[in-house]
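Engineer: model the structure of this input:
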Amino acid sequence: MAAPAPSGESGGTAATLLGAMCGIVAVASRRSGRVAPAPDHVIALLRRAVELATAGADRRDAGGLALSAEALEEADAALRGVPGVATLLAHPDLPGTIAGLVDRVGESVDALERSLDRDGTGPAPAGGPGAGSGSAGSD
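Structural biologist: This next block holds a predicted model:
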């Protein structure tokens with residue numbers, strides 16, 4: 001719910017914006033030396049994460065999934081703090097794009113998990129042949 005407009009203001013635009021941004025104001029209270037990330041950079045990182053997760057899941061390759069996680073972590077780091085908030089505020093369609101790409105990574109991981117549950121096998125051991133038992137563990 002938006003904050004009511006202070007008396008003397010018509011329309012309450014500033015108050016509405018402040019009400020919607022109250023959590024962001026606290027984050028933005030410190031200066032940052034980082035430049036706001038370009039939306040294209042964030043999207044490229046997330047598209048790479050999707051590609052790696054899909055390929056890793058298709059091949060049951062834990063290394064591919066680890067690389068996907070690294071790309072996700074890099075995108076997360078880029079969007080942290082004041083610079084990240086500034087990018088998200090300046091590009092209102094970006095959060096939806098991010099959510100869609102992250103969902104695709106999750107779908108790949110879910111597909112891999114279902115596949116492993118179906119046949120009871122695990123991914124190739126990280127250390128190569130003979131490095132592990134190859135059997136799936138339980139959670």
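Engineer: quick one: average pLDDT of the top helix by length along the chain?
Structural biologist: Longest helix in the chain, counting residues (DSSP state H): helix 94-119. For helix 94-119, mean pLDDT rounds to 92.
Engineer: ok, now stretch 57-72?
Structural biologist: Mean pLDDT, stretch 57-72: 92.
Engineer: assign a three-state SS to Pro92, would you?
Structural biologist: When classified by DSSP: H, G, I helix; E, B strand; the rest coil, Pro92 comes out as coil.
Engineer: any idea how far it is from Val105?
Structural biologist: Taking Cβ to Cβ, to the nearest Å as the measure, Pro92 and Val105 are separated by 22 Å. C-beta: built from backbone N, CA, C; applies to glycine.
Engineer: those two: which is more packed in?
Structural biologist: Val105 (22 against 8; other Cβ atoms under 10 Å).
Engineer: what's the distance between the more buried one and Ala69?
Structural biologist: 9 Å.
Engineer: and Ala49, by the same measure?
Structural biologist: Taken as Cβ to Cβ, the span from Ala49 to Ala69 is 8 Å.
Engineer: of those two, which one has the most company?
Structural biologist: Ala49 (25 against 16).
Engineer: name the nearest residue to the more buried one, ignoring sequence neighbours.
Structural biologist: Nearest residue to Ala49, sequence neighbours excluded (Cβ to Cβ, 6 or more residues apart in numbering): Ala71, at 3.9 Å.
Engineer: likewise for Leu46?
Structural biologist: Using Cβ to Cβ, 6+ apart, the nearest residue to Leu46 is Leu101, at 3.9 Å.
Engineer: what's around the one you found, how many residues?
Structural biologist: 20.
Engineer: test my guess that Val109 contacts Ala53.
Structural biologist: Yes: between Val109 and Ala53 there is a contact under Cβ atoms under 8 Å: 6.3 Å.
Engineer: so for the two, which sits in the more crowded spot?
Structural biologist: The residue with more neighbours, out of Val109 and Ala53, is Ala53; 25 against 17, by other Cβ under 10 Å.
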